[in-house]
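In: Whatever this is, show me its structure:
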Amino acid sequence: MVGSVGAVVVDASLVVARLLPEKHSAKAGALLARSVADNVRLIGSPLLPIEVANALFQRLRRGDLAEADVAAAFSEFDAFGILPEPVADLHAHAFAFSRQHRLPNVYDCVYVVLAQREGAEL
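Out: Below is the predicted model of the structure:
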């Protein structure tokens, strides 16, 4: 399915699953690799680097990662080429989407609204 689209909005959970050993790491890695091989544009929200950094920080703080692991993860993340997409009023539209659909937070709605605006797969 990824090969049939021009862009995919990538959320932090996918990136973290690819960077760190998790239950869905193999699937996350395959999806990102296929996207790159198919020249699919990978889009992130302006929050993506912060969310990835926070996930790495939490793992470091708990003792699940060493400093060297964090540095390697940041380097790998940068190599993915996922650039945050600046979109005017994205926060306001995500807020409205969250309220309209009675969702528990705005964070995840940022990715949904971004995918809608970009005509991209999420």
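In: in the protein, what spans have low per-residue confidence?
Out: 1-5 (pLDDT under 70).
In: in it, which spans are strands?
Out: 7-9, 41-44, 83-84 (DSSP state E).
In: OK, contacts around the residue lying closest to Ala73 once chain neighbours are set aside?
Out: Spatial nearest neighbour of Ala73, chain neighbours left out: Leu19 (4.4 Å); criterion: C-beta to C-beta, 6 or more residues apart in numbering. Using the backbone N, CA and C atoms, a C-beta is placed for each residue, glycine as well. Counting by C-beta atoms under 8 Å, 6 or more residues apart in numbering, Leu19 makes contact with 52, 56, 73, 76-77.
In: cutoff 7 Å now
Out: 73, 76-77 (C-beta atoms under 7 Å, 6 or more residues apart in numbering).
In: since we're on Ala33, how many residues are nearby?
Out: A total of 11 residues lie near Ala33 under the criterion other C-beta atoms under 10 Å.
In: my guess is Glu85 contacts Arg41, does it?
Out: No - look at Glu85 against Arg41 with C-beta atoms under 7 Å: they stay out of range, at 9.6 Å.
In: What distance do you get for Ala68 to Val15?
Out: As judged by C-beta to C-beta, to the nearest Å, Ala68 and Val15 stand 19 Å apart.
In: Looking at these two now, which is surrounded by more residues?
Out: Neighbour count, other C-beta under 10 Å: between Ala68 and Val15, Val15 has more, with 24 against 8.
In: Just give the nearest non-adjacent residue to the more buried one, would you?
Out: With C-beta to C-beta, 6+ apart, the residue lying closest to Val15 is Val52, at 5.3 Å.
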